[in-house]
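Q: Sequence and predicted model, in that order:
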Amino acid sequence: MKKIQIVTPNILITLLLISINNFILAKSTVPFDKATITKVVKKVDIVQVPSLRRSPANINDVFQAPNLIQTGRKSQAQLTFPDGTLARVGSNTVCSFESAMRQINLEQGSILFNSKTGRGGGRIVTAAATASVLGTTIIVATTPDGGFKLLVIEGTAKVVFSDNTQNILSAGQMTFILPGTKNQSGVKNSPNNKAAPPPGTPPNGSVNNRDRPGKPGPILNFDLKRQTSNSNLVQGYGVPLPSSEKIEMAVNKQNNKIKKGKFEETDLLVLDANGEGELKVLDPTVVENGMPTREEIDQALDSALKSTVVFNDNVFPMENIFMREKIRPEMSSFLASAGDGEYEGFIGGDVTINFNELNFNTLDGPNTLDFAVNNMLTINNNVAFTGFNQTREFNITYDQLAFKTDTGISVNFTPLQQMDQIPTGMGMGQMPTTQQTSIFKFISSGITNLNQNNFNVDNGSFTMQNIDGDLNWNTGNVNLNGSGGDFEIAADNSINVDNLGVNSSIPNSTPTAIVRLFSKVINLTNSNINTVNIEAKRPMNRQQATDIAFRNITLANTMNVNLEANTITLLNINFLQGSMVNLRSVQGQLAANPNTNATVQPGFVNFVNNVTYNNEPAQNHVSIANGGTGLQAENIIIGTL
């Protein structure tokens, strides 16, 4: 049988791999600065850096960064890291570690990488691709001329190519890149497969690998049982892999699909790199497109919407992951009407979170990523949502919520760089800057009740939205840390918040540090607001707020206040010196007898008692025309809606 060499140019592709058993980086991880050599077959050398002095490797030697390990023909080595992570190095391989990181640099050859659950995974970096691995078993291979291949032995993998196209691979699937061959599929014909050679193929059957830029190949379903039975990296080390039980489960799952007719064996073969043999391809339909049909997507979505998912650890069921494109769940009246009604990410029916961290690193990539719950979302402890490096909007959408008292949510975005822009006709001395902000949205339906619940958002804004009901919050804190910084509550009927602290680390000169309250009725009491701006008004495109009441409010660093409603009621609040206050009501007037505990007058702005500006009676900063005394500068502007 004629073999095809798989090559790729030195282009950047990012591969993020996940395991169905380990979906987060452990909080405490051990860097890949050293490993013990636990297996040596034939010629294995350690090359000292920078002297390049070469010495033979022996069992129990400690291999340290930044040195190189090099294997010869039909040679192999096994490296065991202090945390139990395993790297099996194939023949004709050159690799090294990055100190202070969990990274393997693969210059050529092949590596089987196995990371135990909760140990932090690692990265395999080649000239063509970077594979970030979390608790799974994969084989990565590369050749000196840039060839690259990824095989998922157990677990799942997400591949993000340089053009930002994405694919998710599961156990028994592979992908690769060809640099410009006419046969872009990379699949060769066995003697029983009589397909004609690609147009333009030279008479000797060779292919010019440099005639076009490299393009990603398709997703292929390969025969997992055949591959794992014959692979030297899997079987050639005398002892089973720590993940052998998971591999066996993956093999059995694929075999069951074959028995049920979901997969069919074909005569198509793909060369495995570096002497690992040839891969038997299954199911030619999937080989060609790697995509499920619309009917299959709808069936999977219907099952996900009815599913019960419990996060007792960091397991993300792949049957609940929907990537590649946004999904519109028409069969769910709630999700179809929430937000824009389209989702990409995790979708479940009833979801319970008992674990303390969910890392979305391996789903990261889309600008918007969703965690959508069709029915009940139950949160039983503090939970951190992390791993957002490219994602700029993370949405948690749920129909009903059970949030344990005195617990909270943290969301950690990667800081966005301040981007300098030079409009046409402007010189360098007039260069403005614009700050982009990531955003976390907490979207619900019906009545939402929070009791002693806290939210922390790093490097982003936070929006809490209630589509059709009331939002009631008794005691809590919102902390906006790092860069970014808006906090918004929007509810269709009413917002009732008591004893809330809002804190922003954004500098006072940054205009984005804003608290916004949008609803028909807004009641804010006994709360401390530490942001530059606060505004409360009607929701967008809805009827105006009928009543806003701020009682016992401390404004720290708040220099802009904007309130709009039919009736505004204020009690025990001091506006800071130098701040600008805009209050708009139906009548556009301050009610009579301010700061005397007078009865609230509908349609007016009411200073009930102890409403001050720089600790002076606030009516002194309101014009006579609008019902004030006009004794001081008009820092409080009252007008009509």
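A: Structure's in. What do you need? These numbers were taken from a predicted model, which means no experiment stands behind them.

Q: can you give me the helices for the chain?
A: Ranges of helices in the chain, per DSSP state H, are 224-230, 232-235, 244-259, 284-289, 294-306, 333-337.

Q: export these to JSON lines and tack on mean pLDDT?
A: Shown next, in JSON lines, are the helices of the chain (pLDDT from 0 to 100):
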{"stretch": "helix 224-230", "mean pLDDT": "84"}
{"stretch": "helix 232-235", "mean pLDDT": "88"}
{"stretch": "helix 244-259", "mean pLDDT": "86"}
{"stretch": "helix 284-289", "mean pLDDT": "38"}
{"stretch": "helix 294-306", "mean pLDDT": "83"}
{"stretch": "helix 333-337", "mean pLDDT": "82"}
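
Q: where does the stretch 501-641 of the chain have low pLDDT?
A: Applying pLDDT under 70 to the stretch 501-641 of the chain flags residues 505-513, 539-545.

Q: For stretch 601-610, which residues meet the burial criterion?
A: By 16 or more other Cβ atoms under 10 Å, the buried positions in stretch 601-610 come out as 601, 603-608. Using the backbone N, CA and C atoms, a C-beta is placed for each residue, glycine as well.

Q: And for Thr308, the neighbour number?
A: As a burial measure, Thr308 scores 11 neighbours (other Cβ atoms under 10 Å).

Q: mind listing what the closest residue to it other than its chain neighbours touches?
A: Distances taken as Cβ to Cβ, 6 or more residues apart in numbering place Asp350 nearest to Thr308, at 4.8 Å, with adjacent residues excluded. Contact analysis of Asp350 by Cβ atoms under 8 Å, 6 or more residues apart in numbering lists 307-309, 373-376, 378.

Q: now do 6 Å
A: Shown in contact with Asp350 (Cβ atoms under 6 Å, 6 or more residues apart in numbering): 308, 375-376.

Q: now, among those, which is nearest to Lys246?
A: Thr308 (22.8 Å; Cβ to Cβ).

Q: how long is stretch 440-457 from one end to the other?
A: 8 Å (Cα to Cα, to the nearest Å).

Q: just stretch 327-341 next, same as before
A: Stretch 327-341 end-to-end distance (Cα to Cα) = 8 Å.

Q: now do stretch 326-333
A: 17 Å.

Q: how about the strands in the stretch 301-450 of the chain?
A: Using DSSP state E, counting those that start in this stretch, the strands of the stretch 301-450 of the chain run over 308-311, 321-327, 343-348, 350-353, 357-359, 368-379, 383-388, 393-403, 408-413, 419-420, 433-434, 438-444, 448-451.

Q: Ranking the ones you listed by mean neighbour count, which comes first?
A: strand 343-348 (a mean of 24; mean count of other Cβ atoms under 10 Å).

Q: Paired strands for it, with orientation please.
A: strand 321-327 (antiparallel), strand 368-379 (parallel) (DSSP bridges).

Q: quick check: angle from the shortest one to helix 294-306?
A: Right, strand 321-327. 120 degrees (axes from the mean of the first three to the mean of the last three Cα atoms, to 10 degrees).

Q: With Val62 as the reference, measure out to Pro415.
A: Pro415 sits 37 Å away from Val62, going by Cβ to Cβ, to the nearest Å.

Q: gap between the two ends of stretch 355-366?
A: 24 Å.

Q: how about that stretch: buried residues?
A: Of all the residues in stretch 355-366, those buried under the rule 16+ other Cβ under 10 Å are 355, 357-366.

Q: Could you do stretch 58-69 as well?
A: 61, 63-65, 67-69.

Q: now stretch 480-496
A: 480-492, 494-496.

Q: between those, which is closest to Asp45?
A: Gly482 (46.1 Å).

Q: residues contacting the nearest residue to that closest one once chain neighbours are set aside?
A: Distances taken as Cβ to Cβ, 6+ apart put Asn459 closest to Gly482, at 4.0 Å, once the chain neighbours are dropped. Contact analysis of Asn459 by Cβ under 6 Å, 6+ apart lists 413, 415, 482-484.
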